[in-house]
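Please work out how this folds:
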Amino acid sequence: MKYYKNNENMNLEIDEARLIRRREIGKTIENMRKFLEKSREELAEHLNISKSLVGLYERGERDIKSELIPEMAKFLKVEEKELKVIVNLAVTSKETVSPKDALMNKIQYICENKNEKELENAIKMLETFFDNSK
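Predicted structure coming up:
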């Protein structure tokens, strides 16, 4: 993705950061469900929603509706306030995500699932880049 300096295209960065956070939240919800050895169908039934909507939440394609949080917390066997903290990371309004945070989230997303050697190489490249840009 290209990053632009003008304000009109700055929303691209912010939207991408929000999407990344939603994916992280969805993956967390999915991992919690799987840890309990529960299916999407069971979660959907508990929440009285469709299995496909649970899938959208777990893939980060939709924001989780706040009215579902209490029942989702019960199902996942966590405190409601803990789940609210997790979910609120994804649904923070666009205006509160700074361009720098959006870029940092992009870096974090790129580095996910990389091994230690790959991360060390990336750090060396960044250090070299920043040393040369002075």
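
use CA for all of it now, contacts and neighbours both
Noted.

Now the residue nearest the centre of the chain: which helix or strand?
The centre of the chain sits closest to Arg21, judged by Cα atoms, centre = their mean, with a distance of 2.1 Å. Per DSSP states H and E, Arg21 falls inside helix 7-35.

Give the next helix or strand downstream of that helix.
With DSSP H and E, the next secondary element past helix 7-35 is helix 40-47.

Off-centre distance for the helix or strand that that following helix is followed by?
On the C-terminal side of helix 40-47, the nearest following helix or strand under DSSP H and E is helix 51-58. When C-alpha coordinates are averaged (Cα atoms, centre = their mean, to the nearest Å), helix 51-58 and its chain have centres 15 Å apart.

got the angle between the helix or strand following helix 51-58 and helix 40-47?
Using DSSP H and E, the helix or strand that follows helix 51-58 in sequence is helix 69-76. Angle, helix 69-76 to helix 40-47, by axes from the mean of the first three to the mean of the last three Cα atoms, to 10 degrees: 140 degrees.

I'd like the average pLDDT over helix 69-76.
The pLDDT scores in helix 69-76 average 91.

ok, and what's touching that helix?
32-33, 36, 43, 46-47, 79-80, 83-84 (Cα atoms under 8 Å, 6 or more residues apart in numbering).

what do you get if the cut-off is 6 Å, keeping everything else the same?
Helix 69-76 has contacts (Cα atoms under 6 Å, 6 or more residues apart in numbering) with Glu80.

and if you look at stretch 29-41?
With contact meaning Cα under 6 Å, 6+ apart, stretch 29-41 is reached by 51, 58.

gap between the two ends of it?
14 Å (Cα to Cα, to the nearest Å).

Could I get the average pLDDT for the strand or helix carrying Met125?
Element membership for Met125 (DSSP H and E) is helix 116-132. On average, the pLDDT along helix 116-132 is 88.

Lowest average confidence across helices and strands of this structure, where is it?
Lowest by mean pLDDT, DSSP states H and E among the helices and strands of the chain is helix 99-111, with a mean of 70.

mind checking how far Lys81 is from Glu118?
Here the criterion is Cα to Cα. By it, Lys81 lies 36 Å from Glu118.
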